[in-house]
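>>> Predicted model, plus sequence, below.
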Amino acid sequence: MKVGVLALQGAVALHVEAFEVLGAAPVEVRCLDTLDSVAALVMPGGESTTISRLLTTAGLFDPLARRLREGLPVMGTCAGMILLASRVLDGRPDQRCLDAIDIDVRRNAFGRQVDSFEAALAIDGIEDGPFHGVFIRAPYVDRIGSGVDVLASVAGHAVACQQGRVLVTAFHPELATTASGGGDLRVHEHFLNLASS
Ligand code: GLN
């Protein structure tokens, strides 16, 4: 499957690597032609205000919103989750959301950069033990629409959700490691299964 990784800003490289290891065909998305060619998309972590602005200046915001409405499978991590939400609380006034999943999110909800943390997560649909969640100025989900499944929570706040073929995580799955120190690709694998379902 040709999986796009939106590559305007943020944590792109390790997502590309993860999909290569899993045998998918990842491609970095910076322009409309490439966006049109992918069968699934990852929106990485980074800075949601910047990615929102770059999506607009690259002429990608509206075409991406249309593809998402048409059912393009998408995984949004951290800033990507913010961009896919219906509404962002504590956003910048000019920040836009793609409204691909019926949740409201709060930016930097767990605190500032120094409050970044790691947590062992039980994620619904991910087998074989806890997943190492790396949270960097992470958002959490403030409102959960009725059609949305919560897959994981931290301190009572949803940090992984799924609605149809839209998967969002407040943490960075591309930074997760297994006990033996290798990359833990279970969330990427889950997304590939979802995207091809
Ligand atoms: N706090 C960032 C934002 O608002 C997200 C941080 C991240 O993606 N690691 O976009």
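Arrived safely, thanks for sending. Residues are numbered from 1 along each chain as shown.
>>> and the closest residue to Ala18 other than its chain neighbours, what element?
Spatial nearest neighbour of Ala18, chain neighbours left out: His188 (4.4 Å); criterion: Cβ to Cβ, 6 or more residues apart in numbering. (Glycine included, C-beta is placed from N, CA and C.) Using DSSP states H and E, His188 sits in helix 186-195.
>>> packing partners for that helix?
Contact here means 3 or more Cβ pairs under 8 Å, 6 or more residues apart in numbering; DSSP states H and E; on that basis helix 186-195 packs against helix 13-21, strand 40-43, strand 74-77, strand 166-169.
>>> Could you check the helix or strand following the third one against the ligand for contacts?
What that stands for is strand 74-77. For strand 74-77, the following helix or strand on the C-terminal side (DSSP H and E) is helix 79-84. Yes. Interface with the ligand: helix 79-84 contributes Ala79, Ile82 (Cβ under 6 Å from any ligand atom).
>>> Gly145 contacts Asp99, doesn't it?
No. The criterion here is Cβ atoms under 8 Å, and Gly145 misses it with Asp99 at 10.8 Å.
>>> Mind checking if stretch 33-45 is in reach of the ligand?
Yes. Counting by Cβ under 6 Å from any ligand atom, the ligand is contacted by stretch 33-45 at Gly45.
>>> which residues touch the residue positioned nearest the centre of the chain?
When Cα atoms, centre = their mean is applied to the chain, the residue found nearest the centroid is Gly76 (1.5 Å). By Cβ atoms under 8 Å, 6 or more residues apart in numbering, the residues touching Gly76 are Val42, Met43, Ile82, Leu83, Leu84, Ala100, Ile101, Val166, Leu167, Val168, Thr169.
>>> still on that earlier bit, can you list the buried residues in the helix holding His188?
Buried residues in helix 186-195, counted by 16 or more other Cβ atoms under 10 Å: Arg186, Val187, His188, Glu189, His190, Phe191, Leu192, Leu194, Ala195.
>>> How about stretch 107-121?
If you call a residue buried by 16+ other Cβ under 10 Å, then stretch 107-121 has these buried ones: Arg107, Ala109, Phe110, Leu121.
>>> The last one: what's it in contact with?
Leu121 is in contact with Pro130, Phe131, His132, Gly133, Ala152, Val154, Val159, Ala160, Phe171, counting by Cβ under 8 Å, 6+ apart.
>>> Closest to Gly71 out of the residues you listed?
Within the contacts of Leu121, the smallest distance to Gly71 is 20.6 Å, found for Ala160 (Cβ to Cβ).
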